[in-house]
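Peer 1: structural data only, the sequence is not supplied:
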């Protein structure tokens, strides 16, 4: 998993901010993230602006930690994200 993910404990969650060169890049990422969410059944909290996206993955209700499926989802989002050279 990309080291830009920040793991928090109370409540358990992963957070990451992604930067994009322009709105087109942001929109493309959001569309791919939506497809991934529909396939996986995992729906993170997402907020965005013209050139950034904030993502928060919360542990399932009542869980004390994130599931392996949620961590896999974060890794899958990493694969959709631009590299430092792209952003």
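Peer 2: Right, received. Where do you want to start? Not measured: the values here are computed from a predicted model. Numbering: from 1, shown residues only.
Peer 1: what ranges do the helices span in this protein?
Peer 2: Ranges of helices within the chain are 23-40, 68-80, based on DSSP state H.
Peer 1: could I get these as JSON lines with distance to residue 61 and mean neighbour count?
Peer 2: For every residue, glycine as well, the C-beta is placed using N, CA and C. Below are the helices of the chain laid out as JSON lines (distance: least, Cβ to Cβ, whole Å; neighbours: other Cβ atoms under 10 Å):
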{"stretch": "helix 23-40", "distance to residue 61": "17", "mean neighbour count": "14"}
{"stretch": "helix 68-80", "distance to residue 61": "13", "mean neighbour count": "16"}
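Peer 1: for residue 14, find the nearest of those.
Peer 2: Taking Cβ to Cβ, helix 68-80 is the member of the helices of the chain nearest to residue 14, at 5.6 Å.
Peer 1: could I get the helices of the chain in CSV, plus columns for distance to residue 49 and mean pLDDT?
Peer 2: Conversion of the helices of the chain to CSV gives the following (distance: least, Cβ to Cβ, whole Å; pLDDT from 0 to 100):
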stretch, distance to residue 49, mean pLDDT
helix 23-40, 8, 97
helix 68-80, 18, 96
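Peer 1: now the ones you listed in JSON lines, with distance to residue 62?
Peer 2: Shown next, in JSON lines, are the helices of the chain (distance: least, Cβ to Cβ, whole Å):
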{"stretch": "helix 23-40", "distance to residue 62": "20"}
{"stretch": "helix 68-80", "distance to residue 62": "14"}
